[in-house]
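*Asks:* based on what follows, work out the 3D shape:
(chains A and B)
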2 protein chains.
Amino acid sequence: MISDVKALIFDVFGTVVDWRTSVARMSREFAKSHGIPEADWVQFACDWRDLYQPAMEKVRSGGLPFTKLDTLHRMNLDIIAKKYGLSNLPEEALDELNLVWHRLSPWPDSVEGLTMLKSRFIIGTHSNGNIALMVNMAKNAGLPWDVILGAEVVRQYKPIPETYDRCCDVLGLAPEQVMMTAAHNTDLVAARARGLKTGFVTRANEYGPDQTTNLKPSEKWDMVATDFIDLARKMGC
Amino acid sequence: MISDVKALIFDVFGTVVDWRTSVARMSREFAKSHGIPEADWVQFACDWRDLYQPAMEKVRSGGLPFTKLDTLHRMNLDIIAKKYGLSNLPEEALDELNLVWHRLSPWPDSVEGLTMLKSRFIIGTHSNGNIALMVNMAKNAGLPWDVILGAEVVRQYKPIPETYDRCCDVLGLAPEQVMMTAAHNTDLVAARARGLKTGFVTRANEYGPDQTTNLKPSEKWDMVATDFIDLARKMGC
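*Replies:* All right, here's what the predicted structure looks like:
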């Protein structure tokens, strides 16, 4: 029963914040301030993000011990640095650029919707982002989380099944009392398989105007909403 | 330099919340509703709390794998149940009584002081309480934490040195950028040994009107305050 839900845990990159235009904008500003030639910084953001899943896969498969996302992002930045004329910058400058992921902008409805949901539910992150990344993002953007969960607390990356189990366990709740909320159907498939409730929110521009995936729910999820304010209203807030 | 501090992490039991009178009050109400004979419920709270350090010591010494505080509290409740006429109650009733620790009342200045501090700093828990206990307490009492850290995140109990190191590490901060805040000098001794800044707040009634310990700072801590509002003002909020 949806009325049994006590906590909502959220995917963050793409679901709560707009990583693509945020990374592009801040990288463009960074490049300008460091005298780097003009480039397609939206493509840069997408190239960086394309290396995200393969890097986590090394942890999931056991090839790499648990490594926090800040470190994976930094390794991935080294891979694409040359293509964008960044490879001659000092390490400290690239370390600084790596922190753009800590300052991603929320979608326009995120803060208001989360604030509404917080009045009735525990709201937490279940992101692959590490704790510092999530805390700094929340402070910067005003995201009112009750608790930061996710990869660094459970020491593994989604969609490994145990990550969902562990989030429920540390909240002291049964899986059916926790709703995984995401703009990505695959995240919800994995959460449902562990008994969690599922909430789908459409983020039709996460990958830009030509996005073809995740425009619609792939299954009959427990909740489907157009944005977080719509979700909060449907959850009785 | 105190001006380098970016985050304050807090001891919770005794420093943020008044466990003694809260546990006594809720246990008295619980006993009444279950037809348990009248008893000294303040002493009950103290007896329960007296088993807290020995139980965690089993984890610290390696005799017990990491076990969350809810579980240790429940084991300790079984030990004192007979003395207070609780041992014939069903398991579920004792499980319910165990959750009084999730609903401890804050000291009168805690919410206002934390809210002031939150405007300039990351504020988090570094408590031996588990995540669910801390989240439920925060929701119930209105404690505006940015992040729940502590035992269940670092998988070890204070004052083991690595617990302080790990809190700084997951925040992505150097030890001198983090201030451990507590009403207990021993907690600050342990934090200072790992390079953290230290803040002492007097809680003269944690152990009741006859309290003799922790009435004064035992060392020259970086900050000394009479309560959280005083601390916030001294930290420039």
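*Asks:* which element is A:T181 on?
*Replies:* strand A:178-182 (DSSP states H and E).
*Asks:* what's in contact with that strand?
*Replies:* A:2, A:5-11, A:15, A:126, A:164, A:167-168, A:171, A:187-188, A:191-192, A:196-201, A:222-223, A:231 (C-beta atoms under 8 Å, 6 or more residues apart in numbering or on different chains). For every residue, glycine as well, the C-beta is placed using N, CA and C.
*Asks:* stretch A:147-159 now?
*Replies:* With C-beta under 8 Å, 6+ apart as the test, stretch A:147-159 has contacts from A:9, A:11-12, A:56, A:59-60, A:66, A:68-69, A:122-131, A:134-135, A:138, A:162-164, A:166-167, A:170-171, A:186-187, A:189-190, B:131, B:134-135, B:147-148, B:153, B:170.
*Asks:* start to end distance for that stretch?
*Replies:* Using C-alpha to C-alpha, to the nearest Å, one end of stretch A:147-159 lies 20 Å from the other.
*Asks:* next one: it to chain centre, how far?
*Replies:* 11 Å (C-alpha atoms, centre = their mean, to the nearest Å).
*Asks:* likewise stretch A:80-95?
*Replies:* Worked out by C-alpha atoms, centre = their mean, stretch A:80-95 lies 24 Å from the chain centre.
*Asks:* may I have it as CSV, with CA atoms only?
*Replies:* Presented in CSV, the C-alpha positions along stretch A:80-95 are these (Å, rounded to 0.1, in the frame of the first residue of the first chain):
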residue,chain,number,x,y,z
ILE,A,80,38.9,13.5,-21.7
ALA,A,81,41.2,16.4,-20.7
LYS,A,82,43.3,16.3,-23.9
LYS,A,83,40.3,16.4,-26.3
TYR,A,84,39.2,19.7,-24.6
GLY,A,85,42.6,21.3,-24.3
LEU,A,86,42.7,20.9,-20.6
SER,A,87,45.7,18.5,-20.2
ASN,A,88,48.3,21.1,-19.7
LEU,A,89,46.5,22.6,-16.7
PRO,A,90,48.0,22.0,-13.2
GLU,A,91,46.5,19.2,-11.1
GLU,A,92,44.9,21.7,-8.7
ALA,A,93,43.0,23.3,-11.5
LEU,A,94,41.6,20.0,-12.7
ASP,A,95,40.8,19.2,-9.0
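*Asks:* which positions in that stretch come out as buried?
*Replies:* Buried residues in stretch A:80-95, counted by 16 or more other C-beta atoms under 10 Å in any protein chain shown: A:I80, A:Y84, A:L86, A:L89, A:L94.
*Asks:* swap in stretch A:197-211?
*Replies:* A:K197, A:T198, A:G199, A:F200, A:V201, A:T202, A:R203, A:E206.
*Asks:* and of those residues, the nearest to chain B?
*Replies:* Distances from those to chain B were compared by C-beta to the nearest C-beta; the smallest belongs to A:K197, at 18.0 Å.
*Asks:* about what we covered before: redo the buried residues of stretch A:80-95 as TSV? Include distance to A:K216 and pLDDT.
*Replies:* Output for those, formatted as TSV (distance: C-beta to C-beta, whole Å; pLDDT from 0 to 100):
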residue	distance to A:K216	pLDDT
A:I80	31	98
A:Y84	34	98
A:L86	37	98
A:L89	42	97
A:L94	38	98
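*Asks:* the residues you listed: which two are farthest apart?
*Replies:* For those, with distances taken as C-beta to C-beta, the pair at the greatest spread is A:I80 and A:L89 (12.8 Å).
*Asks:* separation between the residue lying farthest from the centre of chain A and A:A93?
*Replies:* Outermost residue of chain A with respect to the C-alpha centroid, by C-alpha atoms, centre = their mean, is A:G35; its distance is 30.4 Å. Remark: distance between A:G35 and A:A93 (C-beta to C-beta, to the nearest Å) = 11 Å.
*Asks:* filter the contacts of strand A:178-182 to the buried ones?
*Replies:* Among the contacts of strand A:178-182, the ones that count as buried by 16+ other C-beta under 10 Å are A:5-11, A:15, A:126, A:164, A:167-168, A:171, A:187-188, A:191-192, A:196-201, A:222-223, A:231.
*Asks:* in helices, which of the contacts of strand A:178-182 fall?
*Replies:* Applying DSSP state H to these, the entries found in helices are A:Y164, A:C167, A:C168, A:L171, A:D187, A:L188, A:A191, A:R192, A:L231.
*Asks:* how about TSV for those, with distance to chain B and pLDDT added?
*Replies:* TSV is the format used below for the ones in helices among the contacts of strand A:178-182 (distance: C-beta to the nearest C-beta, whole Å; pLDDT from 0 to 100):
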residue	distance to chain B	pLDDT
A:Y164	15	98
A:C167	10	98
A:C168	10	98
A:L171	5	98
A:D187	21	98
A:L188	23	98
A:A191	19	98
A:R192	23	98
A:L231	19	98
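*Asks:* against A:T125, how distant is A:M26?
*Replies:* Using C-beta to C-beta, A:M26 is found at 21 Å from A:T125.
*Asks:* between those two, who's got more neighbours?
*Replies:* A:T125 (28 against 19; other C-beta atoms under 10 Å in any protein chain shown).
*Asks:* which residues does the more buried one bridge with?
*Replies:* For A:T125, the beta-bridge partners under DSSP bridges are A:F10, A:I148.
*Asks:* and A:E38, how far from A:S27?
*Replies:* Distance, A:E38 to A:S27, by C-beta to C-beta: 12 Å.
*Asks:* next one: A:A191
*Replies:* Relative to A:S27, A:A191 is positioned 32 Å away (criterion: C-beta to C-beta).
*Asks:* which helix runs longest in chain A?
*Replies:* Criterion DSSP H: the longest helix present in chain A is helix A:19-33.
*Asks:* could you give the mean pLDDT of it?
*Replies:* Regarding helix A:19-33, the rounded mean pLDDT is 98.
*Asks:* which other helices and strands does it contact?
*Replies:* Judged by 3 or more C-beta pairs under 8 Å, 6 or more residues apart in numbering or on different chains; DSSP states H and E, helix A:19-33 is in contact with helix A:41-50, helix A:91-98.
*Asks:* got the residues of chain A near chain B?
*Replies:* A:70, A:122, A:124, A:130-136, A:138-139, A:145-149, A:152-153, A:170-173 (C-beta under 8 Å from any C-beta of the partner chain).
*Asks:* just the buried residues of those residues.
*Replies:* In the residues of chain A next to chain B, burial by neighbour count holds for A:70, A:122, A:124, A:130-136, A:138-139, A:145-149, A:152-153, A:170-173, counting by 16+ other C-beta under 10 Å.
*Asks:* correct me if wrong: A:I80 contacts A:R49.
*Replies:* No. In this structure, A:I80 is not within contact of A:R49 by C-beta atoms under 8 Å, at 10.3 Å.
*Asks:* next, count neighbours for A:M235.
*Replies:* Around A:M235 there are 21 other residues, counting by other C-beta under 10 Å.
*Asks:* quick check: closest non-adjacent residue to it.
*Replies:* Residue nearest to A:M235 in three dimensions, not counting chain neighbours: A:L117, with 6.5 Å by C-beta to C-beta, 6 or more residues apart in numbering or on different chains.
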